[in-house]
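Student: Only the shape, not the letters, is given here:
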């Protein structure tokens, strides 16, 4: 192996280890529901799913039975999550069966069990999400040799791996979003390599792990359909048939234990889409929560709200989708993923704060192309979840990670770089410099606003008449940002052209 390859592996390994260290440092903090009976929180939900899937037959996993009380964190994620929970439950049974002793272990909070749970999240990140991010950054930059470019790639990977939102939710709050997000990232990697069938399989697996991945389904659909259209009638039909067969086969395998009985299949679907909860919960930074300030939507008919939100979400997604269908290229696709995630988060029915992670992932993949805008957006995504993170006792890790991420992004990414690498040789005039300074000033004001409102959620007095005043203000402030970013990323998508990377100068060789 060439010397530069050894150097690259050494450097990228060091960056990944640093990313793992940061995740572990976050994991020593409190988690969702710690010391808060009787329901505790998402940490307990994940543990409970392990004991349910390990101790009960598949036929009872999604049904309310004498041994499976669905009112206590009933399983409401797709089958792939259930299988992952079974694997973790089986591992726990080998280490300490009391961790999954249904129902005696309810609310267990021993240090040994916390360590086990945290390790399972780290392992999932290491196996799926972290390699996917590294592969995509490497694929975007393309390694030509030369030590300076090894360092540049590693710097870009470091920034992408330390985007705060995913770390805080998975390793602070506690979930396994890294699995579905990692599968989506691998699906993007496969698309970039023109492996469309493999991409469809990977995205289908993401859907079967966490159904919120539906946020990004339409960009994948339109992009793959556009690829089939470009291939011509005969070859396009063959490709479309292969993609469709791969998707059906993947879903059939994931749902195999449930498809034989209609009641089982319908019960799983009912658990996945609980329309009875209303159009939103808590103070989520989307249009419906903001609109509820002046129009009390919670009093409206649930069916009407579901229909309106569905129509608006589909309509908003089609704007980006039709452009992608007409001219499918990799750069438009990445912008379309951000737009698709944002439209669903802002307009769809029953959105959770953590749903913004589906828009944050493609923004992370665009950090190299849009360093300033995506850094700003990812910061807004993190602060939009601050009320949830504050509830979990994660205020200090949130501020620390955001500050660290902003510093790394400014230091390692060229915030004045052109969106396309091929435009970097063009000289910038004075108006460009003024525009850059204006955007930088706006970003500083925006982030300062997030910091002030987040601090107010923690320290400002609570008024009896408006107990959720500061949380609501932060949510509306975040929602306003997301709407503006949605407009911006649509503009960027419609103007995006394929990026063609050229070989590096031969004068920069490895030592």
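Tutor: Great, that's in hand. Predicted, not measured: the structure shown is a model, and the values here were computed from it.
Student: Show me where the protein dips below the pLDDT cut-off.
Tutor: Within the chain, the ranges that satisfy pLDDT under 70 run 1-6, 141-148, 275-278, 417-432, 499-511.
Student: which residues of it fall in strands?
Tutor: Counting by DSSP state E, the chain has no strands at all.
Student: Share the number of residues neighbouring residue 290, please.
Tutor: Residue crowding around residue 290 was assessed by other CB atoms under 10 Å; the count is 21. (Glycine included, C-beta is placed from N, CA and C.)
Student: Look up how far residue 454 lies from it.
Tutor: With distances taken as CB to CB, to the nearest Å, residue 290 is found 18 Å from residue 454.
Student: Likewise for residue 217?
Tutor: 32 Å.
Student: ditto for residue 389
Tutor: On the measure of CB to CB, residue 389 and residue 454 end up 9 Å apart.
Student: Next: residue 87.
Tutor: Separation of residue 87 from residue 454 (CB to CB): 37 Å.
Student: Now for residue 236: which residues touch it?
Tutor: When contacts are counted by CB atoms under 8 Å, 6 or more residues apart in numbering, residue 236 touches 228, 229, 230.
Student: Please indicate which of the residues you listed are buried?
Tutor: Listed as buried from the contacts of residue 236 are residue 228; burial here means 16 or more other CB atoms under 10 Å.
Student: Now tabulate the contacts of residue 236 in JSON lines and tack on distance to residue 112.
Tutor: Output for the contacts of residue 236, formatted as JSON lines (distance: CB to CB, whole Å):
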{"residue": "228", "distance to residue 112": "52"}
{"residue": "229", "distance to residue 112": "56"}
{"residue": "230", "distance to residue 112": "55"}
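Student: between the contacts of residue 236, which is closest to residue 368?
Tutor: Among those, residue 230 lies closest to residue 368 (CB to CB), at 25.8 Å.
Student: Could I get the full set of helices for the stretch 401-511 of the chain?
Tutor: Per DSSP state H, counting those that start in this stretch, the stretch 401-511 of the chain carries helices over the ranges 430-459, 469-494.
Student: Can you say which of those is packed in most?
Tutor: helix 469-494 (a mean of 19; mean count of other CB atoms under 10 Å).
Student: Can you name every helix or strand that that one contacts?
Tutor: helix 287-291, helix 302-326, helix 330-347, helix 371-384, helix 386-391, helix 430-459 (3 or more CB pairs under 8 Å, 6 or more residues apart in numbering; DSSP states H and E).
Student: which residues are in contact with the first one?
Tutor: Which is helix 287-291. Against helix 287-291 from outside (CB under 8 Å, 6+ apart): 279-280, 283, 297, 305, 309, 346-347, 351, 472, 475-476, 479-480, 483.
Student: buried residues in it?
Tutor: 287, 288, 289, 290.
Student: what would the residues you listed look like in a markdown table with distance to residue 320?
Tutor: Formatted as a markdown table, the buried residues of helix 287-291 follow (distance: CB to CB, whole Å):
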| residue | distance to residue 320 |
| --- | --- |
| 287 | 17 |
| 288 | 20 |
| 289 | 23 |
| 290 | 22 |
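Student: any idea which of those is closest to residue 79?
Tutor: Nearest member of those to residue 79, counting by CB to CB, is residue 288, at 29.3 Å.
Student: returning to that earlier point: wait, which of the helices of the stretch 401-511 of the chain is closest to residue 203?
Tutor: Among the helices of the stretch 401-511 of the chain, helix 469-494 sits nearest to residue 203 (CB to CB), with 19.2 Å.
Student: Surely residue 76 touches residue 272?
Tutor: Yes: with contact defined as CB atoms under 8 Å, residue 76 and residue 272 form a contacting pair (6.4 Å).
Student: List the contacts of residue 201.
Tutor: Taking CB under 8 Å, 6+ apart, one finds 246, 247, 250 in contact with residue 201.
Student: got a list of what the residue nearest to residue 468 when sequence neighbours are not counted touches?
Tutor: Spatial nearest neighbour of residue 468, chain neighbours left out: residue 283 (6.1 Å); criterion: CB to CB, 6 or more residues apart in numbering. Applying CB under 8 Å, 6+ apart, we find residue 283 in contact with 289, 387, 468, 471, 472, 474, 475.
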